[in-house]
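Student: Have a look at this prediction, sequence included:
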Amino acid sequence: MTDPFANFDATAQAELVRRGDATPVELVDAAIARVERVNSRLNAVITPLFEKARAAARDRALPDGPFRGVPFLLKDFIGYSAGDPYHMGMRALRTRGFVAPHDTYLVAKLRQAGFVVIGKSNTPELGTIPSTEPLAYGPTHNPWDPARSPGGSSGGSAAAVAAGIVPAAHANDGGGSIRIPASACGVVGLKPSRGRGSFGPDVGDCVGGLAVEGSVTRTVRDTAAILDVVAGGMPGDPYTAPPPARPYREEVGRDPGSLRIGLMTHAPAGVAAVDPACVAAVEDGARLLGSLGHRVEVAHPAALDDLETFQHFGVMFAVSTARLLDAIGELIGAELGEADVEPFNWELAAMGRVCSAPHYLRSVDWLAGYTRRVAAWWEDGFDLLLSPTLPEPPWTLGGFHGVDAMTAGLRSQMLCAFTGPFNLTGQPAVSLPLSWSAAGLPIGVQLVAAYGREDLLVRIAAQLETAQPWRDRHPPINAF
């Protein structure tokens, strides 16, 4: 039977429920059928929560929020849900059958909006590499080419959205983990500003402020409306981004005006060679922006080319990984050993454990100065920075296992070249699916705004979506 809902975005599915043209149960059952139809070829959904989802959809107490009855996936990392398996891509947690004790604030907000969680999506162990191929669950396959990676660490979510399993899914980003899979899978991925949402109640500052929560979607209006749902600080948060002037969904269709946009095609500090297809994609994006009345010129913050940046990025992740392994041990009541952790993460944590407190704080101080140097470029008259999201099209799976930690780390650094700097600065950035390679693989372009200016990103993204639509481009593996 033809699925009547697969090609509807989350906003349209919610409207069907509001009008009485569909019920939450019908939407959820259809999404479950889509999982059953295509997930065996993708391995995007690793933890089905079907009966729990059906019960929630039938419940008269299902909140009457903006997304009432819309099926949704949670990434199995950071944003966890009460009583559900929570493994973070780790064999040690999967073997022990660990479950989350309660909802995070993010998940509580998603539920209050009416979303119905139908399952958990795949993620690399601890979210530390930009390719979703954990040993605990096996790789997620890119729906555009199953031999290739969907990116990471939100690769399961992005693959599921691209394939039409769900219209939107949870994602988070500590070095590119929303934008990289959005680019690799041909969907929309916006990394919000630092402090836009909450990591509570159990976490305050995540990876020293590098990480943020968000989503991957097929449409800009869904991205904006979901950001409205999850944005806002909670009591006790260490910091909160300034509130927007109006709901983000109201920025969709609003004229962005004539913007001054810098164009950057080389990788920051030259840490990666940029594939000609990615250069062509961003140059095409620049021409499209020019045709829409914007002023695009070759320019970027000089601080982006400071090679020392990546050293301090590594310190932040190494120390945070060491602490995370300790925290997991505390949760399960047993200290994790080398056999419990993938080799790259074990080595990364070992680096973190030998980093002294003064050395760590030196990196914190250095990054504060770096952030000011980068931010000054926006204060000097630029509105946006345009770049590739990734330095290459989606790559073949399998490159992160069976290699030494140094090789895996350098490969990760290369793939995060364009995205990672803006986790350090806390600025919002979005990857948009504006181009495809000659081989039919999606290539995203990234737009970066000043801190707190997600509103501007939503306006320009919606304008580009109208000028060059992408939502009807479906991958070979799909549930549409």
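Tutor: Looks like it arrived, so ask away.
Student: going forward, measure contacts between C-alpha atoms and count neighbours the same way
Tutor: Will do.
Student: Show me what the lengthiest helix in the chain is packed up against.
Tutor: Ranked by residue count under DSSP state H, the longest helix found in the chain is helix 308-332. Contacts defined by 3 or more CA pairs under 8 Å, 6 or more residues apart in numbering; DSSP states H and E place helix 308-332 against helix 343-353, helix 357-379.
Student: Of all these, which one comes closest to residue 165?
Tutor: Counting by CA to CA, residue 165 lies closest to helix 343-353 out of the helices and strands packed on helix 308-332; the figure is 30.5 Å.
Student: contacting residues around that closest one?
Tutor: 125-126, 128, 315, 317-323, 325, 338, 404-405, 408-409 (CA atoms under 8 Å, 6 or more residues apart in numbering).
Student: If we use 6 Å, what do you get?
Tutor: Contacting residues not belonging to helix 343-353 are listed as 318, 319, 321, 322, 405 [CA atoms under 6 Å, 6 or more residues apart in numbering].
Student: What residues of it count as buried?
Tutor: Residues 343, 344, 345, 346, 347, 348, 349, 351, 352, 353 are the ones in helix 343-353 that count as buried (16 or more other CA atoms under 10 Å).
Student: can you check stretch 4-22 too?
Tutor: If you call a residue buried by 16+ other CA under 10 Å, then stretch 4-22 has these buried ones: 5-18, 22.
Student: hmm, back to that, export the helices and strands packed on helix 308-332 as JSON lines, with columns for mean pLDDT and distance to residue 192.
Tutor: Listed next are those as JSON lines, based on pLDDT from 0 to 100; distance: least, CA to CA, whole Å:
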{"stretch": "helix 343-353", "mean pLDDT": "97", "distance to residue 192": "26"}
{"stretch": "helix 357-379", "mean pLDDT": "98", "distance to residue 192": "16"}
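Student: Between those helices, which one is closest to residue 187.
Tutor: Nearest to residue 187 among the helices and strands packed on helix 308-332 is helix 357-379 (26.6 Å), distances taken as CA to CA.
Student: and the next element down the chain from the closest one?
Tutor: strand 384-388 (DSSP states H and E).
Student: Determine the set of other helices and strands touching that following strand.
Tutor: strand 260-263, strand 442-449 (3 or more CA pairs under 6 Å, 6 or more residues apart in numbering; DSSP states H and E).
Student: Run a quick neighbour tally on residue 314.
Tutor: By other CA atoms under 10 Å, the residues close to residue 314 number 17.
Student: same thing with residue 367?
Tutor: If you count neighbours by other CA under 10 Å, residue 367 ends up with 20.
Student: In space, what's closest to it - neighbours in sequence excluded?
Tutor: Of all residues not flanking residue 367 in the chain, residue 424 sits nearest, at 6.8 Å (CA to CA, 6 or more residues apart in numbering).
Student: still on that earlier bit, which one of the buried residues of stretch 4-22 is nearest to residue 208?
Tutor: residue 10 (32.3 Å).
Student: Residues contacting stretch 196-212, please?
Tutor: With contact meaning CA under 6 Å, 6+ apart, stretch 196-212 is reached by 104-105, 172-174, 231-233, 237, 240-241, 320, 423-424.
Student: Could you provide the residues you listed in JSON lines, with additional columns for neighbour count and pLDDT?
Tutor: JSON lines is the format used below for the contacts of stretch 196-212 (neighbours: other CA atoms under 10 Å; pLDDT from 0 to 100):
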{"residue": "104", "neighbour count": "21", "pLDDT": "98"}
{"residue": "105", "neighbour count": "21", "pLDDT": "98"}
{"residue": "172", "neighbour count": "27", "pLDDT": "98"}
{"residue": "173", "neighbour count": "26", "pLDDT": "98"}
{"residue": "174", "neighbour count": "25", "pLDDT": "98"}
{"residue": "231", "neighbour count": "24", "pLDDT": "98"}
{"residue": "232", "neighbour count": "18", "pLDDT": "97"}
{"residue": "233", "neighbour count": "20", "pLDDT": "96"}
{"residue": "237", "neighbour count": "17", "pLDDT": "97"}
{"residue": "240", "neighbour count": "16", "pLDDT": "97"}
{"residue": "241", "neighbour count": "17", "pLDDT": "98"}
{"residue": "320", "neighbour count": "19", "pLDDT": "98"}
{"residue": "423", "neighbour count": "26", "pLDDT": "98"}
{"residue": "424", "neighbour count": "25", "pLDDT": "98"}
